[in-house]
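J.: the following block contains a protein sequence and its predicted model.
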Amino acid sequence: MPEKTMRDAINEALHQAMAEDDSVFVIGEDVAGCNGSPSGKVGEVGGVFGVTSGLYKAFGPDRCIDTPISESAIVGAAAGAALVGMRPVAEIMFADFIGVCMDQIVNQMGKFRYMFGGKSRCPAVIRFASGGGFSAAGQHSQSMYQVMTSFPGLKVVIPSNAYDAKGLLLQAIRDDDPVLFFEPKALYQEACEVPDEMYTLPFGEAAFVREGDDVTVVAFGQMVNRAAAAIDALEADGISCDLIDPRTSSPLDEDAILESVEATGRLVVVDESPPRCGLTADIAALAADRAFHALKAPVKQVSAPHSPTPFSPELEAAYIPDVEKIKTTIKEVLA
Amino acid sequence: MPEKTMRDAINEALHQAMAEDDSVFVIGEDVAGCNGSPSGKVGEVGGVFGVTSGLYKAFGPDRCIDTPISESAIVGAAAGAALVGMRPVAEIMFADFIGVCMDQIVNQMGKFRYMFGGKSRCPAVIRFASGGGFSAAGQHSQSMYQVMTSFPGLKVVIPSNAYDAKGLLLQAIRDDDPVLFFEPKALYQEACEVPDEMYTLPFGEAAFVREGDDVTVVAFGQMVNRAAAAIDALEADGISCDLIDPRTSSPLDEDAILESVEATGRLVVVDESPPRCGLTADIAALAADRAFHALKAPVKQVSAPHSPTPFSPELEAAYIPDVEKIKTTIKEVLA
Amino acid sequence: MNLSRDQLLRAYRQMKTIREFEERAHAEIMNGQIAGFTHLYTGQEANAVGVCEHLDHQDTIISTHRGHGHCIAKGADVIGMMKELWGSAEGLCKGKGGSMHVADIEKGILGANGIVAGGPPISVGSALAAKIRKNGRVAVSFSGDGSVNQGTCFEAMNLAVVLKVPAVFVIENNYYSEHTNISYAVGCDDLKARTEGFGFPVFVADGADFFSVYDAAGKAIEHARSGNGPAGVFAETGRFHGHFVGDPQYYRADGELDDLRENSCCLKNFRARVDGGGVVSAEELDAIDAEVMALIDEAVSAARAAARPTAEQVTEDVYIQYGSA
Amino acid sequence: MNLSRDQLLRAYRQMKTIREFEERAHAEIMNGQIAGFTHLYTGQEANAVGVCEHLDHQDTIISTHRGHGHCIAKGADVIGMMKELWGSAEGLCKGKGGSMHVADIEKGILGANGIVAGGPPISVGSALAAKIRKNGRVAVSFSGDGSVNQGTCFEAMNLAVVLKVPAVFVIENNYYSEHTNISYAVGCDDLKARTEGFGFPVFVADGADFFSVYDAAGKAIEHARSGNGPAGVFAETGRFHGHFVGDPQYYRADGELDDLRENSCCLKNFRARVDGGGVVSAEELDAIDAEVMALIDEAVSAARAAARPTAEQVTEDVYIQYGSA
Ligand SMILES: Cc1ncc(C[n+]2csc(CCOP(=O)(O)OP(=O)(O)O)c2C)c(N)n1
Ligand SMILES: Cc1ncc(C[n+]2csc(CCOP(=O)(O)OP(=O)(O)O)c2C)c(N)n1
Ligand SMILES: [Mg+2]
Ligand SMILES: [Mg+2]
């Protein structure tokens, strides 16, 4: 099977979804690029991360739509088009920019169906580049998916590799509910085997990235690789772990997590977001309630500290959980 | 001591803070009211909930400032004025409207100090009416404080009674960090004894509303009274509980919670927000880590379901946790 | 004026239906029968009807917190609406939305909206779909004089021009946003000009006169429908009630409300305009009045009798499907 | 032109300092010495300097993602800035902000800002404080041609008019927002007119000409400072680099960059304007050039040698005080 980066896998999914279904279109800032420019090279850009590359040329101006810097209008446009039968895929460049369009996501798109008594559908996908690792500082490094997970009506997807990204995005586009799709930007260049053909991965079904007996580790997005590395390193010490990548935080595959914790009796949850009211707490609390009797050790969370993301590379390296911290924590729950 | 409603207690705090310190001003939609109107009765309104009543008359147009419906600009104006030495108290009518001004709260006000290397101070207070109980449906009933708690740089206050509201608001205004102040609107009319003079309550110090041995109950805002009622009702069954009202979710009085759980071995956390990545999970996870060895039963959360807030009074009554549900859950952890 | 007899009768019926729906809602709220926050449209009926009479079910509207009038004008079922206000499980939104979220997607009603200026961006999305599909539809959003100061509203207007989509922005100036006058909240002297500065034509109407609104809206909708990009309607009118039911209305001048009801009543104006024209008689309009009153009575009776929602329904309708099948 | 010799020399020095700071930053980024996202101001120096030469430390500015020039023009310490770009603990923001968050509150610099149009609302707050305190200060916000389409920018402009505060909105049209031309992203034909529609005067300048900007900014700032409410400056200019370092600049016309560097260089223009005036000689400007080069060299050396932050510092500076004392 061919290896593809996460960027290319997502791009391929977009190409295929748009070819398959003419109600799919993409909209966002510079998703085509060069509109209005004297060079005439419209479509040459394909998004600042290159994820929508080639779509303008393949599908034209009506299906690869550049916008002004107006995130609320972008999300609103996607939501409105979806309400009347389209399947828009909007790009919000950085997840941090949810700050300027949260109402349209949370109070509009995410609540239509409920407020309208189940009589509407809003199959919009909003894509975001999320997370740290680029020395991009406080306003360009947040995950935000933990915050979005708290809002009923939205589905929240966090792929951790190129294969999952393609399958989850195709599912997101075909899904009839609004979906927020968070692409850990540190993974865009990471490659793995990705089939050329279309396939979907269901929401609410976790992946078992490693299987083991001693500790259950749950990790999201960028942290999945680091957790895997930590677990692999611990093998030498005779420690074996389940590594669960929930892939979607809403819906969450509670059963997979609970079954694993029932078996191991120990849980470490890893995410790169700050700790308060985040996914690490969410899952720790799940286990403390529904797998309580199986628990043999304190449930540990590995997260960023309660600080904004710092700029300096050294500071950021200390901020985002690393393999070492995950290893130490796994050992801690076994102590 | 005179009894005052929470509305009046907050109003009194505002009057006193503004009299004490001329850098304090209030700004928001209709905090004065009737600006530009043919009646000439400017200042007659005092906010849609009446909380800023009388401030315009007492302090004039420069210190009680009406705005257009532009929440981002309101928060930004408060943040900017605070950066240059004022102590603004902005009113955002409903907490749900954070959707249209989140960036200014979360990425601007809350991050200045960190991004600027500790060289700025932004002593702004933003007040919100939060929570359910008015059949106000999906866009006028959210708590939002759980979401704001996840953002480093912000302090988050949730008073549960008039006495606390006054002391916490005076602390918020004197505090040198940005503070979000959530007023459970269902409590505006609830009265208790409130001293006439000024006093402050420290942030990060929980109140013990009840003391008992069997179960630790932690509840926020509107839920504190209900939890107290549940606990009082259970006395007849010989059950006694600690009831902890953290009063501020950020900073959180972890010690109070952990000490109580160490003593009781059982924890129920109650909040009216939906369950995912909320305060109930946050506190349950805290205990599952740091009070694990004391725990004798599953840690239970009582929250709204993962649904938007419904309109219909019956639906809303079923949506927001009630005394019965809290009682049942306390009994559950004792079973 | 090129309206047929049927059109005239229909327009009058729609305005009267809104009026009586609102007046009855007001009475029932005062009686404690209707919960929540309700904002009444009385006095502004000609705006909604003058616009929506140009639309069919395929076109969409998106409304505001003051949404009953727009929804009725666009064809929402009045009985279903009343049931919704009552919070019944039989309501148009099963009692989950209430006054601020009345919607009927099938009829092109993308909902009332509790967030000021929440609607315009969504409307641009509907207009964008129409442009992509080349199906000749238009998308109308309603905004108040206060709503136009919200950032989302500006963004929507600019995006509509950039994408040249058939979006129509109807601005209803009833002079107040809650308790604040437009002369305070809109900083510039000329809101129409500020709006036109975004790059589309805005047609002005007397919002108390159905014919004036119908005319202006016709031009705007025609402009948009013909592929010329967005257009606006700017109508001045008054609301006859407070911002919400119970508002003490300190902002009103002495006699302002009496003056409005006397001189800015679209129903009276309509009757005066058609009187003596030989097309529609006063008796026919009286008959409509009676039918409307009967309909509203029926709606209230139906709402009173309608099934209440049950606790299990709280968690229904959040998603189409959640978790794997 | 009423500028003294000192003022002229100072203005030139400021522009040159920005230019060399940016060109050096560019080189060091290409060398892999500077992490993160950096947006260079080269080509737009006259805007920042033409505005800030009217301000003192008590006045405030708030900048954008492209903030180095504004900060230097307002008096930020160049060595501290270079250290900040390097991510040093000795940087102006202790390495926590980096290029997009350079700030110096003491000097009235309320920060570069990573959120497009994050600044204008905050600037209105600073202007409001000036109005309340009646201290004669003004608050300047910088926005790009792309930034003006963000809702927050519109809200800020309207609020400034409503409250009649001394806010100055400087719009720098460098024709592009990232890869998109203004002719696409701003829907209307006349951005100046759209802006004036909000109710304040906007003064136009040639952004490649210090004297032109100085003149327009002087009028705007004078307007605001005298209590007439907000004012705007609209300056057209080009950026000589890509949007960010590494941008392939597919949007440029053939020869566009050469033409900009040749014909829209504020330093060249400045020299041409003062040449032969008998006030400032070319040699004096050459001497400034040399001093600036030395300063930038010093800044880079200092940045290279400066202390790196340590892991414990990650959690410092989040709050002034967290938890009870
Ligand atoms: C974002 C947001 N801010 C504030 C409110 C509260 N609010 C509801 S209606 C309203 C006034 C709206 O005025 P206008 O747009 O003129 O409409 P009108 O009520 O006159 O029909 C306000 C401030 C809200 N619902 N949403
Ligand atoms: C809210 C938000 N949206 C998008 C971006 C990404 N972004 C950074 S700069 C920029 C273009 C800004 O263009 P303009 O305002 O013209 O400023 P210029 O870069 O030309 O100086 C964009 C889209 C951002 N930082 N913030
Ligand atoms: Mg109005
Ligand atoms: Mg630009």
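T.: All right, it came through fine. Residues are numbered from 1 along each chain as shown, chains lettered A, B, ... in the order given. Ligands and ions are numbered 1, 2, ... in the order given.
J.: all strands in the chain, in order from the N-terminus.
T.: This is for chain A. Here chain A has its strands, by DSSP state E, at A:3-5, A:24-28, A:64-66, A:87-94, A:125-130, A:155-157, A:179-184, A:191-193, A:207-210, A:215-219, A:241-245, A:248-250, A:267-270, A:300-302.
J.: nope, chain C
T.: C:60-62, C:139-144, C:167-173, C:176-177, C:180-181, C:202-206, C:231-236.
J.: helices and strands around the fifth one, which ones?
T.: Counting contacts by 3 or more Cβ pairs under 8 Å, 6 or more residues apart in numbering or on different chains; DSSP states H and E, there are no secondary-structure elements packed against strand C:180-181. Glycine gets a C-beta too; all of them are placed from N, C-alpha and C.
J.: and it, which strands flank it?
T.: As defined by DSSP bridges, the strand partners of strand C:180-181 come to strand C:176-177 (antiparallel).
J.: kindly report the same for the last one.
T.: Pairing partners of strand C:231-236, with direction, according to DSSP bridges: strand C:167-173 (parallel), strand C:202-206 (parallel).
J.: also the second one?
T.: For strand C:139-144, the pairing partners within the sheet under DSSP bridges are strand C:60-62 (parallel), strand C:167-173 (parallel).
J.: quick one: average pLDDT of that strand?
T.: Mean pLDDT, computed over strand C:139-144, is 98.
J.: ditto for the longest one
T.: Per-residue pLDDT values over strand C:167-173 give a mean of 98.
J.: list the buried ones in it?
T.: Using 16 or more other Cβ atoms under 10 Å in any protein chain shown as the test for burial, strand C:167-173 gives C:167-173.
J.: quick check, that strand touching ligand 3?
T.: No - against ligand 3, strand C:167-173 shows no contacts by Cβ under 5 Å from the ion, the least distance being 6.6 Å.
J.: CA-only coordinates of that strand in CSV, if you can.
T.: What follows is strand C:167-173, C-alpha atoms only, in CSV (Å, rounded to 0.1, in the frame of the first residue of the first chain):
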residue,chain,number,x,y,z
ALA,C,167,-28.8,37.2,-0.2
VAL,C,168,-31.3,39.8,0.8
PHE,C,169,-30.7,41.7,4.0
VAL,C,170,-33.8,43.1,5.4
ILE,C,171,-33.2,45.7,8.1
GLU,C,172,-36.2,46.6,10.2
ASN,C,173,-35.6,49.8,12.1
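J.: need the residues that contact it.
T.: Strand C:167-173 is contacted from outside by C:44, C:47, C:51, C:120, C:123-124, C:126-127, C:138-145, C:148, C:156-157, C:160, C:182, C:191, C:195, C:200, C:202, C:207, C:217, C:220-221, C:224, C:230-237, using Cβ atoms under 8 Å, 6 or more residues apart in numbering or on different chains.
J.: just the buried subset of these, written out for PyMOL, thanks.
T.: Those of the contacts of strand C:167-173 that count as buried under 16+ other Cβ under 10 Å are selected in PyMOL with:
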select buried, chain C and resi 44+47+51+120+123+124+126+127+138+139+140+141+142+143+144+145+148+156+157+160+182+191+195+200+202+207+217+220+221+224+230+231+232+233+234+235+236+237
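J.: which of the contacts of strand C:167-173 come close to ligand 3?
T.: Restricting the contacts of strand C:167-173 to those within reach of ligand 3 (Cβ under 5 Å from the ion) leaves C:144-145.
J.: burial count for the residue in the stretch 151-300 of chain C positioned nearest to ligand 3?
T.: In the stretch 151-300 of chain C, the residue that lies nearest ligand 3 is C:N174 (4.2 Å; Cβ to the ion). When neighbours are counted by other Cβ atoms under 10 Å in any protein chain shown, C:N174 registers 23.
J.: from C:N47, how far off is it?
T.: C:N174 sits 9 Å away from C:N47, going by Cβ to Cβ, to the nearest Å.
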